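Colleague: Structure for the following, please:
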Amino acid sequence: MSNQITGIVHQVDDVKEYGDKGFRKRQVVLVQNRGKYDNYMPMVLIQDDCEMGDSLKVGQELTVEFSISGRRWVSPDGDVVFFQDLQIDDIINYEELAAESMSGETSSGEDVPF
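Modeller: Predicted coordinates:
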């Protein structure tokens, strides 16, 4: 199940690789102005989705669809640790949508008949 949130890109980290299997992860932090205190939301792109972050720029407004992902991990000492991520599923970039709208492009690539 996906959720949606709109914010301003505050930070885009480099892709990091973990473990022998090459698990890839990239953090993207969005911020929402909530008056007295801003709301910072660290979110992640994983594996092949890491490339979605290549075109993101700090200060850019966008909406992301995301899923909440939780994990359980047992350390070599037997300690159990739980953690969760807000995993980005899709990015809606308003600047790209506006540019397409201004250029007159349609989704089918054809001219509008009016």
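
Colleague: What residues does the residue nearest the centre of the chain make contact with?
Modeller: The centre of the chain sits closest to residue 88, judged by Cα atoms, centre = their mean, with a distance of 4.2 Å. For residue 88, the contacting residues are 28, 43-45, 49, 52, 64-66, by Cβ atoms under 8 Å, 6 or more residues apart in numbering. Backbone N, C-alpha and C define where each C-beta goes, glycine included.

Colleague: Tell me the buried residues within those residues.
Modeller: 28, 43-45, 49, 52, 64, 66 (16 or more other Cβ atoms under 10 Å).

Colleague: Any chance of CSV for the residues you listed, columns pLDDT and secondary structure?
Modeller: As requested, those are arranged in CSV below (pLDDT from 0 to 100; DSSP: H, G, I helix; E, B strand; the rest coil):
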residue, pLDDT, secondary structure
28, 97, strand
43, 96, strand
44, 96, strand
45, 95, strand
49, 92, helix
52, 92, helix
64, 95, strand
66, 96, strand
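
Colleague: Show me what the helix or strand harbouring residue 27 is packed up against.
Modeller: Using DSSP states H and E, residue 27 falls within strand 23-32. Judged by 3 or more Cβ pairs under 8 Å, 6 or more residues apart in numbering; DSSP states H and E, strand 23-32 is in contact with strand 3-12, strand 16-18, strand 39-46, strand 61-74.

Colleague: that older thread, same list, the buried ones among the contacts of residue 88, but as TSV with distance to residue 12 please.
Modeller: Shown next, in TSV, are the buried ones among the contacts of residue 88 (distance: Cβ to Cβ, whole Å):
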residue	distance to residue 12
28	5
43	11
44	11
45	9
49	13
52	10
64	12
66	15
